[in-house]
Structure formats: structure tokens, C-alpha cells
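Trainee: model the following, please.
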Amino acid sequence: MSAEEPAAEPELDGPPAEGEPYPPEVRFLDLDGRQVILVGTAHVSRSSVDLVRRVIERERPDCVCVELDAHRYESLAKEKKWESLDLKQIIRKKQLPTLLLNLLLAAYQKRLGGELGVQPGRELLEAARVADEHGIPIELCDRDVRVTLRRASHATSFFRKLLLMSELLVAMFDTTEISEEQLEKLKDKDVLTELMDDLGRALPALKRVLIDERDDYLSERLRRSVGDRIVGVVGAGHLEGICRALGEERQVDLDALSTIPPVSGFWKVAGWGVPLAILGALGWIGFTQGADEMGEDIVFWILANAIPTAIGGILAMAHPLTILAGFVAAPLTSLTPVIGAAYVTAFVQAWVRPPVVKEFQTVADDLMVLRKWWQNKLLKIFLAFMLPGFGSILGSLLGGGKIFSSLFR
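Mentor: Predicted coordinates:
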């Protein structure tokens, strides 16, 4: 089907004759003789909470599907037990940027939820709660959020990741009060989807992973749900996409959408190619210009990497051991793609100054206050990751530039 052709949609049934009519965000779809009732919600809207309860209690479906995965459901329902989070393991697996992005998105949504006086995701919990009250089976139909974020990370370049984080930071630190008119608009849309729609023009790959792929994933999970009458509770931003996917009877490969793509061979070669080129250049300088010239370039490489990385640690107000670790590690880690200086400094900071449970619990609020990035120990780990990391990148550019320029002396 081309982009210009109108998408097919499942046959629409009307709402039941009895009771107050449903608003437009409730869709009745006929799917091969089975009825699917989609409820599009705003994740920070109190009216969405009430609507979800009303639909489930009136329709009494065979199954309720909610736009949650097991990980997010546990986080919402049990107020995630932060004391079980192993930060050192997250750093070892190089998932710190993913955790930060997850926290930024959650904090942005929580800020808007505060304006509207409702906990973000409350309507999804309400769907599960009402279903449980009436003995209706619940299915968590969303893709694992960790897979989604890692696929998004894989599909987005480093500089576009910086753009996304900067957009989120600007949005969080913006102290402009939201007008009543804006609040009313937010009640009619999924806030996170609205943000992604805005970014989609600049970050189409990100929108594809966060929105379009999940439209397909959710539609297939709805199709596979057990029962003749199903209620699906999803963000309003997914409503049209799910209707199109069901209408077109797309064949969706859930396994393919749940797979994290491997790093391409090009980047593996490039990752080792640059360090080998630097070492090769040093060897050539030593062979053609003498050991003294090679020694000068080695010293410059060490200092060019060590000093900016240490300055980054100082700006983060990291522990002295963290600063020292960055100073020592940067000249070496810049010569291998296996680990970066930023991960070394983050790991040491987490080891010598581990955050306490309270700081995990307040991190979404602390994220929105700039000075608290230096006060909250969890946020300081992120600072000890980002600022030395920028210093290491700068140092590698300076050191590498000096070494390659020496080839032509």
C-alpha cells in the first residue's frame, strides 16, 4: 500500500444502546467476528482514568489488554523497588545512557502529570485494577521497554541522541506555566506521543521505533488475545496506528520486533580502525623521525586525553578517586572501543558514592532542578559519566590530530 492510499480499517460497530455514549477515543472494531474495543487515553489525564473504568465495567470483556510490559507494570504497580537496581551491572552492560533517557522521559511525563493532578500511567493501572475486581484476565501487550529503548538507541546516531536529550532537558527545565487551554489539549492526547510527534520530523528513525513499531506490536498482541470480546487500553497516540494495522491485516513478526539488532560490521571495523591507525602512526613516527619525536607525541596523547577527562570529573564534582580514575584511564580507553573513560568514571563514582533508596525515589523530581544534579548521588553518577566522557572525546580529537599532523613534519 502506498503512502497516498487511505488505510483500510476494520468494520466499526457502534457502542451499546444502553448508557451514556462513549467519546470518540473509544473505537469498536469487528475483527473476524471478534469485537475489539479500543480505548485511547492520555497518560496524564484524570478523565482517561474514569473512562477506562466505565468502559470495562459496562462491556465486561473476556480479556483486557493494556499498553504495558511486565517491567513497566511492576514499576507502576509496586512503586519499583529501587534498592534492587544494580547500577554497577547497568554500567558494565553499557546501559547507563538508556537508563538516563528512560528517567528523562519519565520525569517529563511526571511534570505534565503534576500540572494535571494525576499520576502518569494511572489509567493503565486502573484498567488492570478494574479487570482484577471483576475476574477478567489481563494481558500486558506492550513490548519490553528495555528492548524498545535499546532498539531506539541502535537506530539513532550519537548526535541525534544528544538532540533528543537536549530537547527533553529544555522541556523539563522550562518553568513556563502551562495554560488552561494547553492543559485541555493534553487531556486529549498521549503526552509522550505528542513529544515524539514533534521530534519525529527531526528524528524519523526514533519515531519509527517508539511509535510505529509499537503500533504493529500492540495490534498483533491484540489480535492474538484470547476471547471474543476484548478491551484494549492504549495511549491515544497509538489509536490510529493500531486501527490501520488491524484494518490492513498486517502480518507482524513479534520476534523480529523484539530483537536488538547487532552492531554493524562497519562500526566494529571503525571502532578498532581508529586506535590501530593512531598506534600505527606512532610507530611510523618512531621509525622515520626517531624515538624522541614519538615520545613527545605519546606524552601529548596522554595529557590531551587525561586532562580534559579529569576536568570533566571536577566539573561534575565527582569523588577524587573518580577524577583520578578518569585521568589514568582516558589515554588507554581511547585506544580501545571495548570501554570508554566515561564508563570507568561512572563505575568508580557508583562504587565510592552509591545512591541511597531515597535518591532513586526522588530522582524524577530532582531531574527538573539543575542544582540537584550535583546533590542527588544518582544524578551525579550521570554527570560523572557525561562530563568526563565529553572531555575524553575532546582529548582524543586533540591527541589524534597532533599525532597525524606529526606524520607530515
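
Trainee: which strands and helices lie in contact with the helix ranked longest in the chain?
Mentor: Counting residues, the longest helix found in the chain (DSSP state H) is helix 377-406. The contact analysis (3 or more Cβ pairs under 8 Å, 6 or more residues apart in numbering; DSSP states H and E) places helix 377-406 against helix 96-116, helix 265-289, helix 291-315, helix 320-333, helix 341-352, helix 357-361, helix 363-366. The C-beta positions use only the backbone N, C-alpha and C, and glycine is treated the same way.

Trainee: pLDDT of it, averaged?
Mentor: Mean per-residue pLDDT for helix 377-406: 91.

Trainee: stretch 32-40 now?
Mentor: Taken as a whole, stretch 32-40 carries a mean pLDDT of 91.

Trainee: what residues of that stretch count as buried?
Mentor: By neighbour count with 16 or more other Cβ atoms under 10 Å, stretch 32-40 contains the buried residues Q35, V36, I37, L38, V39, G40.

Trainee: what about K380, how many neighbours?
Mentor: 24 (other Cβ atoms under 10 Å).

Trainee: my guess is it meets Q349, correct?
Mentor: Yes: here K380 reaches Q349: they are 6.7 Å apart, a contact under Cβ atoms under 8 Å.

Trainee: give me the common contacts of those two.
Mentor: Taking Cβ atoms under 8 Å, 6 or more residues apart in numbering as the contact rule, K380 and Q349 both touch A318.

Trainee: check the residue lying closest to V64 once chain neighbours are set aside and give its pLDDT.
Mentor: Leaving out its chain neighbours, the residue that sits closest to V64 by Cβ to Cβ, 6 or more residues apart in numbering is A131, at 4.1 Å. In the predicted model, A131 carries a pLDDT score of 93.

Trainee: L254 too?
Mentor: On pLDDT, L254 comes in at 91.

Trainee: could you pull up phi and psi at it?
Mentor: phi -60, psi -40 (degrees, to the nearest 10).

Trainee: give the contact list for it.
Mentor: L254 sits next to Y217, E220, R221 when contact means Cβ under 8 Å, 6+ apart.

Trainee: show me which of those residues is closest to I278.
Mentor: Within these, the smallest distance to I278 is 43.0 Å, found for Y217 (Cβ to Cβ).

Trainee: isn't there a strand covering the closest one?
Mentor: No: counting by DSSP: H, G, I helix; E, B strand; the rest coil, Y217 is not part of a strand but helix.

Trainee: which residue sits closest to R34 in space, ignoring its chain neighbours?
Mentor: Using Cβ to Cβ, 6+ apart and skipping residues adjacent in sequence, the residue nearest R34 is D228, 5.1 Å away.

Trainee: how close does the one you found get to Y217?
Mentor: D228 sits 22 Å away from Y217 when distances are taken as Cβ to Cβ, to the nearest Å.

Trainee: which of the two has more neighbours?
Mentor: The residue with more neighbours, out of D228 and Y217, is Y217; 24 against 11, by other Cβ under 10 Å.

Trainee: circling back: could you measure from the residue nearest to R34 over to L29?
Mentor: For D228 relative to L29 (Cβ to Cβ), the value is 13 Å.

Trainee: kindly report the same for A155.
Mentor: 30 Å.

Trainee: check contacts around the closest residue to K402 other than its chain neighbours.
Mentor: Nearest-residue entry for K402: F300, 5.2 Å, with adjacent residues in sequence omitted and distances by Cβ to Cβ, 6+ apart. When contacts are counted by Cβ under 8 Å, 6+ apart, F300 touches G399, K402, I403.

Trainee: filter those to the buried ones?
Mentor: Buried among the contacts of F300 by 16+ other Cβ under 10 Å: G399, I403.
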